[in-house]
Every structure is written in structure tokens, then in C-alpha cells.
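1. mind looking at a prediction? Sequence and model below.
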2 protein chains.
Amino acid sequence: MPAPKSPRASTPSAPATASPARATIADVAREAGVSKATVSRFLNHRDTLLTPDIAARVERAVSALGYSPSPMAQALKRGRSRLIGLVVADVTNPYSVAVLRGAEQVCQEAGYLVMLFNLGNDSGREREAMAALASYQVEGFILNTLGRDPEAAAEATRQGRPVVLVDRRHSGMQADFVSLDNAQAVQMALTHLQAQGWRELLYVTEPVRGVSSRTEREAAFRAGCHPSQQGEGRAALSGQTFESQEARPEAPDAPVLALMAALQALRERAAGRPAAVLSSNSVVTLRLSAAMARLGWQWGRELGLVGFDDTDWAPHVGPGISTIAQPTHDLGRLAANCLLERLRGLSLAPRQILLPGTLVARGSSRAPANPEALRQEPTPP
Amino acid sequence: MPAPKSPRASTPSAPATASPARATIADVAREAGVSKATVSRFLNHRDTLLTPDIAARVERAVSALGYSPSPMAQALKRGRSRLIGLVVADVTNPYSVAVLRGAEQVCQEAGYLVMLFNLGNDSGREREAMAALASYQVEGFILNTLGRDPEAAAEATRQGRPVVLVDRRHSGMQADFVSLDNAQAVQMALTHLQAQGWRELLYVTEPVRGVSSRTEREAAFRAGCHPSQQGEGRAALSGQTFESQEARPEAPDAPVLALMAALQALRERAAGRPAAVLSSNSVVTLRLSAAMARLGWQWGRELGLVGFDDTDWAPHVGPGISTIAQPTHDLGRLAANCLLERLRGLSLAPRQILLPGTLVARGSSRAPANPEALRQEPTPP
DNA sequence: TTGTACGCGTTATCAG
DNA sequence: CTGATAACGCGTACAA
């Protein structure tokens, strides 16, 4: 048996002590005394029977050299890269992180790796992100972006790679969609607030700007609140919507000031009836809390509160913040699974997967001290 | 001028309406009527002068076809993949996310993409993570892991790829290290607590288990607190350390119960002198807050608190939680920059970059009601 | 059943 | 200055 030639002998200038660079399929073939094709078959088409003798030799060589095929070369050859592109509007958002976690887990289990692209809230770069990811031959996309870049939709379909949308729909895009059931969630929150005796409501959201989840939540709120019917005898909720501005560098607390004004207006409108706020996500909830602190008010006393997103700090702010918990981890897992199914060839019309939220009741929405509203009939006549 | 041949004409079975798949360098060459080599040179070696005529033709062809080279093929050819591997112990940790953000930003600006691998707190998979990333030819690693997998260090040096460690050192690993200056940060917190009049201290940390940042912080705490010198006339701080257990599924609130006991012991030990807690990170801070709530105690009243990590919710818990803010974003940016410098060929001994923390004083550490301790001399004789 | 030869998209080398 | 050619590591028709 001939002594195996030293690997990488082709470059004479390389020092003999060079790191034992990755073994290639050729190395394995040489070591096992077979052809590259045989090694390749052994790895990819185990069903095609090989002579037990040969198979054993290859197997031994593979483990001896610690060989594993180069995904790069594989991708080049067969187009499949075992890579998933994940584009996120803002990694700072705990929601996005949870999705990332779920998706990454599923992908890893399936032998895929996730390439992350963070937009850093610069939604204009969505197309750029997809192009960058695509250049690495990612096999599909999971998009948790604002969905406001029309070019992104075009880019996706043009590339012909499957796409799964998480939380935000993209107008012109044919794709699976995974999200919280926003209508159900809002309705659940409203029912809870009403049952607790809160009557006058304010929905606080970031600027809607066509972002689907924001639109849906606001619409559900409007539908659930009979606006300004406070004259009637029914125990109906009345409510309004307020768009909290983004924080701008020049006037960092302008949004808080605006929020304070809105909260004061809310209580005036309520005219003694218990008033509460529904917050569209955890960022808004924090901003609201800042406004409350500046006003010297406390959740559950001057105002009630239910907020989207059950963060880990929610129990510890004020009397505990009541939240709508999203099954974020499952959303991420489902998104990844959808994508993997498509990659396995599943060809269905775009699916919609809507998961219900859960209400976590805490102090911020407990029955208000003023029992006035409770004298009303809870059920319509 | 001949009509350009339809791309991908080689496969007759492909439908004519197939998506216009990425243009290759061959397409450009054909379009421009030059050789592939010329196109390649035009792109990579602009310094090598080309005939203006030819250069113009190539340029036109490139933009006409919207050509951009395939990083995959480039990686295959030259080993460099323009990929950075980022391994994170736990994406759920806001600290890790901040690092991720900073690093990703710098990498993107430099034309690199980040491949993320989340360990999900399973530190045993560190080696696996690095191997997976390495198979995609990542050019270097940023590691924010526990640093307890000795094989990981071996793997890294064996691969000969540059590594930057963030926040946690790895014992046997030759690598740049970027982190908060833990000694400075702890000392700063202790000085603040002492100045505010807190005398008996407890340091609460997750189990140290050889994790470098935990070790360093605990050591700094011990050094800054003269343990149990309460008999002396000096206004020295005395303190102890407590390791908060991990939450286990069977007994989810066992850690909180243990914490409650520890806090009660602390106050007994203090015997009337103001007692405060230093928390090793935001997760521990939250657990501490849970214990406080169960005890019916409030930060800044029954106990003082300073906690590592200035999260966005810190101002809104209780009277506001005093924190040690880490320059997380800069840490991420610096880590990435270190790596990029190494990739550009910088060959220096491993560097250590320690950034100072900032104290954000809030209600939880304001001077305690009991002014007893304030009568002591603030400066030693 | 196994080996040979080619091509995936690039880049580097060597002629011309 | 430019073009042909080989090679990177791998998978797969095709031939043996």
C-alpha cells in the first residue's frame, strides 16, 4: 500500500507545517483509492448500492480525514446553498429577536444556516438586503420588515425564491404569511378592559404608514369601540386613536410631551368614567410609561393599560402591566417551517397562518376604583 | 451587432420564459465581445490599465446586464468569502443583540455579511457552531460565548482564522478581546453606593463557573468591599456574594425564593445600616425585582440597587433602577473593526480593548432614608 | 457498480 | 494590453 501523498503538495512554496487545510473530496478519494465520483455517490446517493468493501473504505477515509463537503462548492454546483436569508426591520425589537430565535432553531435542525440582514429601521434598504443575501444564493427569505418597499416584492418574485412574511404583509407579494391574529387579540383586550369596567379608550400606535399589522390592529380597535357613543345607555366602549411620533434627535422628548397631552385629553373626554389605553407594542408602552411618570399618574389608578407584547419586564413596571402575549417563538418556528416545506417542493397557494394571542392580566388593567361604570348592564338588552 | 443570445440556452428543456437568472461573467464577456479574463480584470484590477474602448464596452455590458459577481464562486476561487461568523451564547440577551447590531453595521459597511449562530445557551455546541460557520468559509469569528468549551479554542487556532472575543475571554485562545472595563465599572458602582450612604452590600450574580466577565466583576466587588469589617470606625463597605440559580422547569420559582432569603439575610446582617444590592446583569435585576415584589419591599427604600446593563425599561421599574450602562454598540463596532483589521493583514499581538461604563443614577440608589451612615467620614484618615 | 470528463462562476497564469 | 486555459471543490451524465 503506497504511503498517502502529503496533501496540498501542489504549492511548493507553502511551508510543510501549513495548517492541514480542509480535506477535499479528492483527498478522500485518494485516501480510499477510489474516484471522486464514488466518494460523491457514497455521500449523496446512499440508496445507490455500493460494494460493501468500497463503501467501507470510503467511510474510513472520510472519518480519517475528518472530511465534510464544502457547502460553497455544493451551492455553486447545484444551486442549493443550505442558507436561509432573514431580513429584519430592527434587531433591537424583542419581537424580531424571538422570531429570529425560533427560525434559527428550526433551520439549524434542518441543516440550514441563517444569514441575517438587519435594516436598522431603514426600510429603504430592503431591496439591497435581499440582493446581498441572494448573491450568496440563499434558498429562501424570511421577511420581518415593514413591507413598504414595493421593489422588494418585485425582487423576490423575480428571483423565484420562496418567501415567508412574518407579522407584516407586503402588498404585491405572493408569499406565505405568519402572524398573530390581530383582530382576535385586539378584541380580547377590549373585552377584558370592558369587563374590568374601563369605558373610555385610547389606542396608541406608532405611525401606521401602511404597515399591515398596525393597520389591522387599529381597524380592530375602531371596530370594537363604538366611537363617541357615550350618550347611549349601552355599556359600549368608546375610543380614539393616537399616533405616537418617532423620537427625533432635535427634540428627544417631543413624543413624550405629545403623549402627555393625549392622555390628559383622554381623561377629560372620559369625564369621570374610567379611561384606559391600549398600546400597540412594547416600545410604545415604554413611551407611555414615561409620559405617565411625568404626569405623576399610575397605571391602574389614573389610567388603565393593556399593551401588546409580553416582555420580561412587564410584571415589574408599576403594578404590573397587562399584556397581550404573542407566541413569538412559535411564529418564528412556523415561518421557518413554511419556508422549508416550500424548499422541499410544496406547491400550494400562499398560506396564512394566524396564531391567537394570550391575555396576561396584571395590575395595570384591574378594575378601576371608581365603580360607576360597573352599574351598567354588561350584556346588551 | 448580433442579437445577444438568450442566456441559459444550454438547457433545452428549460422553458423560454424562465426567470432571467443571474448574469454570469461569461454573459458579460459575450455582451461586450471580450474574454472573461478581461471582464474579471476590469472588475478586480482597475489599476491594470485597460484600453479605454474596451473598458467602456465592459462597463456598459456590466450595467446593461446588471451583473454582479457571485461571492460563492469568488469564495471558491480565492478563499475569501466576505463572510464573518458571529457566535452568540444567547440572542435573547439584549447585550448580545447590541453587539450584533454594532458588528453587523460595521461589517455591512465594509462589504461583509454576518452569519449568525445562536447557541441558545447550550455552550457545548460552540465547536459545532464554529465548524458550521467555517464550512461556509467565514473569514473570521466574533465570539460572544461563555468561553468554556476548550475545544473551541483549539478549533479556532487550528483553522487559522482571526478571532475576536467579546465580553468573555477564552482561556487558551490567542485573540483580540473587547469588553467593558469590569473593574472600573464595579468600582464606580461601589463608590456611588457608598457616597449615597449605603453600607452593607450584596453582589448577586449568575453562577460564575469560570466565565471571565463574571469572575472579574465578582473579584472587583470583593476587592472593593472590605468583607465584614463592620466593627471598624471606617466608612468601609462590607459585602458578600450570592449566586442566583438558574430557573429550572420543575421548580420555576425556586431561584426567586432563594433570592428572597438572601435579601432578608442581607438586611439582618446590616442590622439597621442601609443595605444595597449590586446586580450582575439585567436578567438578575429582573429576578431581584421579582423577589422584592414578593417581599413587599421597594427599591430605594428597603434596599438600594445598582444593576449592570442600562436597559430601556430600567427607568420605569419602581423608582427607576440605577444602572451601569455599557457602551454596547461601540463594543460591537470595535469588535468588528478589530476583525476587519486582522483580515486586512494587521499582525499584532492580541489586543485588549476595555471601554469604561457609565453610571446612570436613578431612584433605586438614592440616599437611603436612614441617615445613620452619613455621619461617618467619607474619606479615610 | 465504478471511473472519466465536464461544468458551476471566478480568478490567476501564461502566452500572444 | 488582451485572450485562452487551468483550477477552486463538487455533482453528475455518460461510458466502461
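-> Right, received. Where do you want to start?

2. from now on I want contacts and neighbour counts done on CA atoms only, so please keep to that.
-> Will do.

3. residues from chain A in reach of DNA strand C?
-> Counting by CA under 7 Å from any atom of the strand, chain A comes close to DNA strand C at A:33-38, A:48-55, A:73, A:76-77.

4. what about 6 Å?
-> A:34-38, A:49-51, A:54, A:76-77 (CA under 6 Å from any atom of the strand).

5. out of the residues you listed, who's near chain B?
-> Contacts with chain B within the residues of chain A next to DNA strand C, as defined by CA under 8 Å from any CA of the partner chain: A:Leu76.

6. looking at the residues of chain A next to DNA strand C, which one is closest to DNA strand D?
-> A:Ala37 (3.7 Å; CA to the nearest atom of the strand).

7. now the buried members of the residues of chain A next to DNA strand C.
-> Buried by 16 or more other CA atoms under 10 Å in any protein chain shown: A:36, A:38, A:54, A:76, out of these.

8. distance of the last one from A:Thr24?
-> Translated: A:Leu76. Using CA to CA, to the nearest Å, A:Leu76 is found at 15 Å from A:Thr24.

9. check the first one too.
-> A:Lys36 sits 10 Å away from A:Thr24, taking CA to CA as the criterion.

10. common neighbours of those two, please.
-> Shared contacts of A:Lys36 and A:Thr24, defined by CA atoms under 8 Å, 6 or more residues apart in numbering or on different chains, are absent.

11. tell me which element A:Ala154 falls in.
-> Secondary structure from DSSP states H and E places A:Ala154 in helix A:150-159.

12. average model confidence for that helix?
-> Throughout helix A:150-159, pLDDT has a mean value of 79.

13. and the closest residue to DNA strand D within the stretch 51-200 of chain A, what element?
-> Residue of the stretch 51-200 of chain A nearest DNA strand D, by CA to the nearest atom of the strand: A:Pro69 (3.2 Å). For A:Pro69, there is no host helix or strand (DSSP H and E).

14. who are the contact partners of the residue nearest to A:Arg57 when sequence neighbours are not counted?
-> Spatially, and ignoring its direct neighbours in sequence, A:Arg57 is nearest to A:Ala32 (5.4 Å; CA to CA, 6 or more residues apart in numbering or on different chains). Applying CA under 8 Å, 6+ apart to A:Ala32 gives the contacts A:57-58, A:60-61.

15. for the closest residue to DNA strand C within the stretch 201-350 of chain A, phi and psi?
-> DNA strand C sits closest to A:Leu343 of the stretch 201-350 of chain A, with a gap of 19.6 Å, by CA to the nearest atom of the strand. Dihedral angles of A:Leu343 (phi, psi; degrees, to the nearest 10) stand at phi -70, psi -30.

16. how near is it to A:Tyr112?
-> As judged by CA to CA, A:Leu343 and A:Tyr112 stand 11 Å apart.

17. for A:Ser179, same thing?
-> 23 Å.

18. what are the boundaries of the helices in chain A?
-> Assigned by DSSP state H, chain A shows helices spanning A:25-32, A:36-44, A:52-65, A:71-78, A:94-109, A:126-135, A:150-159, A:182-196, A:212-224, A:254-270, A:282-295, A:328-343.

19. the residue in the stretch 1-150 of chain A positioned nearest to chain B: neighbouring residues, count only.
-> The nearest approach of the stretch 1-150 of chain A to chain B comes at A:Met115, 4.9 Å away (CA to the nearest CA). For A:Met115, the neighbour count with other CA atoms under 10 Å in any protein chain shown is 23.

20. ok, it - contacts?
-> A:83-86, A:133, B:113-116.

21. ok, A:Gly140 touching A:Gly85?
-> Yes - using CA atoms under 8 Å, A:Gly140 is in contact with A:Gly85, at 6.1 Å.

22. for the stretch 101-250 of chain A, which residues are neighbours of chain B?
-> A:101, A:104, A:113-118, A:135-137, A:158-160.

23. which of those has the most neighbours?
-> If you rank those by neighbour count (other CA under 10 Å), A:Phe117 sits at the top with 28 neighbours.

24. please name the residues that touch that residue.
-> A:Phe117 makes contact with A:85-88, A:129, A:133, B:104, B:113-114, according to CA under 8 Å, 6+ apart.

25. in chain A, what residue lies closest to DNA strand C?
-> Nearest residue of chain A to DNA strand C: A:Leu50, at 3.2 Å (CA to the nearest atom of the strand).

26. got phi/psi on that residue?
-> Here is the backbone geometry of A:Leu50 (degrees, to the nearest 10): phi -110, psi 160.

27. identify the residues contacting it.
-> By CA under 8 Å, 6+ apart, A:Leu50 lies in contact with A:Phe42.

28. and if you look at A:Leu257?
-> Residues in contact with A:Leu257, defined by CA under 8 Å, 6+ apart, are A:Ala291.

29. pLDDT wise, what is the nearest residue to A:Arg82 once chain neighbours are set aside at?
-> Spatial nearest neighbour of A:Arg82, excluding adjacent residues (CA to CA, 6+ apart): A:Tyr112 at 4.8 Å. Per-residue confidence (pLDDT) for A:Tyr112: 93.

30. what's around A:Tyr112, how many residues?
-> Residues near A:Tyr112, counting by other CA under 10 Å, number 19.

31. for stretch A:89-108, buried residues please.
-> Within stretch A:89-108, the residues that qualify as buried are A:89-92, A:94-108, counting by 16+ other CA under 10 Å.
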